[in-house]
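In: Predicted model, plus sequence, below.
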Amino acid sequence: MGLSRLDVFYRRLLLTKLFIGGWGKPEDLKRIFEFRKIIADREKCKSLVPKDYPVYISKTEELSDCLVHDGFFFSPLEHLVPGILPSEAVKARFQFIVPKKWQKNKPVCIHLAGTGDHHFWRRRTLMARPMIKEAGMASLLLENPYYGYRKPKDQLRSCLKNVSDLFVMGGALILESTVLLHWLDREGYGPLGMTGISMGGYMASLAVTNWPKPIPLVPCLSWSTASSVFTMADSFKMGPDIVKTVESPELLGLSETLRVSVESSSRGSVLRPEGSVFRPEGTVLRPEGTVFHPSSRKPVVPDPAQSDGAAKCCRPSLHRESISFMKGVMDECTHMANFSVPVDTSLIIVVQAREDAYVPRTGVLSLPEIWPGCEVRYLNGGHISAYLFKQNVFRRAIYDAFNRFCEKYPSLQ
């Protein structure tokens, strides 16, 4: 099947406004890369968030079919990597939507926000309240850093200003999801699961890699890495400060190994899974044991609409290397193969759109390759049309994943 034209248009419209500030502070990137090595290993980070981490309920509202609890806590990332979050994002806010009467057990699904999903109305209306009616299942909606009340004052709508913001968002959501899962567990709720649509599904997948117990996961319209979305040749525009780091990677505090990996990529490296780390052929391991892993790409022609500064320094070969460099850096921090495998992959149901052109899958390791045993369900249409008209399919997958958990782990309910 072909690709959705609506998805192509939407991606171009959105991505041209992202990362206008460049990479972000070099010192922040250094700390992010170091912390990624810890947070990607479930054994290393299982004690980062205490089981009794404080969570507060500030308000409760009674609706016709449910109770809506507004709550908050302070992001553990602020304690572990001080100052990395913008001040507005330190306080994490959530809504906990609970049925007035439980049907069986007290199941709760945590929903992480997709691109542009500020505050809670969209997820509450399209997913949470229908799930109460259909399955008696509660939902907890966490607000992403950089979104809603957690959006920095100088950020335009959903457009992250710096590349580093994406990495900070992912690290924060991993830890914050752990806080909420611990809180729900000690409050007597269960079984517990996670879901999200588009970016929310990807972030939910990251969060589950850290949870030390079997857990249902339903990522919808997402895939194994964020790099394929942000480094598409027809969408992503290289700013001057991003381009110049190809010739001077030390500007980001990165080792010479990254340059070796990027050069290997430009020659056409082959991607393959090897153990729990994603390694292209020809990639040189860094002393710490981690790797960069940009994939091979076709030559990219610079867009004449780019700024004069970018155009002057962006000869075709340098632009191509810039794309590979960006992909390598993004894969280092976002590729699912660089994180622990969830405890039980049979509890994972991935929902994908066959004509998805917003989250490209060509040339990228699939989730079943990284997580053997997970299920992938395909629906017809593109990314945007699936989001608008297939919410019932997403909910059905959530119910099936929870039922699978109940059948397999009756003693954990």
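Out: Now that the structure is in, tell me what you want to look at. Since we're looking at a predicted model, the values are computed, not measured.
In: Could you list the domains of this protein?
Out: 46-224+341-408, 229-334 (automatic domain parsing).
In: Would you tell me which of those domains gets closest to residue 30?
Out: Nearest to residue 30, of all the domains of the chain, is domain 229-334, at 4.1 Å by Cβ to Cβ. Backbone N, C-alpha and C define where each C-beta goes, glycine included.
In: what's the first-to-last distance across the closest one?
Out: Its start and end residues considered, domain 229-334 measures 11 Å (Cα to Cα, to the nearest Å).
In: circling back: check the domains of the chain for me: which has the lowest mean pLDDT.
Out: Looking over the domains of the chain, mean pLDDT reaches its minimum on domain 229-334, with a mean of 50.
In: Which strand or helix spans residue 171?
Out: helix 163-186 (DSSP states H and E).
In: What segments of the stretch 1-150 of the chain are strands?
Out: Assigned by DSSP state E, counting those that start in this stretch, the stretch 1-150 of the chain shows strands spanning 56-62, 66-74, 91-99, 108-112, 138-142.
In: Using TSV, please lay out the domains of the chain together with distance to residue 25.
Out: Shown next, in TSV, are these (distance: least, Cβ to Cβ, whole Å):
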stretch	distance to residue 25
domain 46-224+341-408	7
domain 229-334	10
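In: Of all those domains, which one comes closest to residue 20?
Out: domain 46-224+341-408 (6.2 Å).
In: The closest one spans what distance, first to last residue?
Out: 24 Å.
In: likewise stretch 79-95?
Out: End-to-end distance for stretch 79-95: 23 Å, by Cα to Cα.
In: which parts of it are buried?
Out: 80-81, 84-86, 89-90, 92-95 (16 or more other Cβ atoms under 10 Å).
In: which other residues reach that stretch?
Out: Applying Cβ atoms under 8 Å, 6 or more residues apart in numbering, the external contacts of stretch 79-95 come out as 28, 31-32, 35, 48, 68-75, 77-78, 120, 124, 140-143, 145-146, 148-153, 168, 171-172, 175-176, 179-180.
In: Relative to residue 371, how far out is the residue nearest in space to the middle of the chain?
Out: The geometric centre of the chain, computed from its C-alpha atoms, lies nearest to residue 203 (Cα atoms, centre = their mean), at 2.9 Å. Using Cβ to Cβ, to the nearest Å, residue 203 is found at 16 Å from residue 371.
In: And for residue 331?
Out: Distance from residue 331 to residue 371, by Cβ to Cβ: 17 Å.
In: Of the two, which one has the most company?
Out: residue 331 (29 against 21; other Cβ atoms under 10 Å).
In: Could you say which helix or strand holds the more buried one?
Out: Using DSSP H and E, residue 331 sits within helix 316-334.
In: On the C-terminal side of that helix, identify the next helix or strand.
Out: strand 349-353.
In: Alpha carbons of that following strand, in CSV - could you do that?
Out: Below are the C-alpha coordinates for strand 349-353, written out as CSV (Å, rounded to 0.1, in the frame of the first residue of the first chain):
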residue,chain,number,x,y,z
ILE,A,349,0.3,-5.3,21.5
VAL,A,350,1.6,-2.8,19.0
VAL,A,351,-1.0,-1.1,16.8
GLN,A,352,0.2,0.2,13.5
ALA,A,353,-1.3,2.0,10.4
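In: could I get the buried residues of stretch 79-95 as CSV with distance to residue 222?
Out: Listed next are these as CSV, based on distance: Cβ to Cβ, whole Å:
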residue, distance to residue 222
80, 25
81, 25
84, 24
85, 23
86, 24
89, 22
90, 26
92, 21
93, 23
94, 21
95, 22
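In: how about these, which pair is most distant?
Out: By the measure Cβ to Cβ, 81 and 95 form the most distant pair in those, at 26.3 Å.
In: In contact with the closest residue to residue 365 other than its chain neighbours, which residues?
Out: Leaving aside its sequence neighbours, residue 365 sits nearest to residue 224 (Cβ to Cβ, 6 or more residues apart in numbering; 5.4 Å). Residues in contact with residue 224 (Cβ under 8 Å, 6+ apart) are 335-337, 364-367, 370.
In: of all these, which two lie farthest apart?
Out: The span of the contacts of residue 224, defined through Cβ to Cβ, is set by 335 and 366 at 12.2 Å.
In: okay, those two: which has more neighbours?
Out: Higher neighbour count among residue 335 and residue 366: residue 335, with 24 against 14, using other Cβ under 10 Å.
In: My guess is that one contacts residue 209. True?
Out: No - using Cβ atoms under 8 Å, residue 335 is not in contact with residue 209, being 11.4 Å away.
In: The closest residue to residue 59 other than its chain neighbours - how many residues pack around it?
Out: Leaving out its chain neighbours, the residue that sits closest to residue 59 by Cβ to Cβ, 6+ apart is residue 70, at 4.3 Å. Each residue near residue 70 was counted by other Cβ under 10 Å, and the total is 15.
In: now swap in residue 51 and tell me
Out: Residue 51: 12 surrounding residues under other Cβ under 10 Å.
In: repeat for residue 357
Out: Using other Cβ under 10 Å, residue 357 has 20 neighbouring residues.
In: secondary structure element for it?
Out: Assessed by DSSP H and E, residue 357 sits outside every helix and strand.
In: before we move on, what about residue 218?
Out: strand 217-220.
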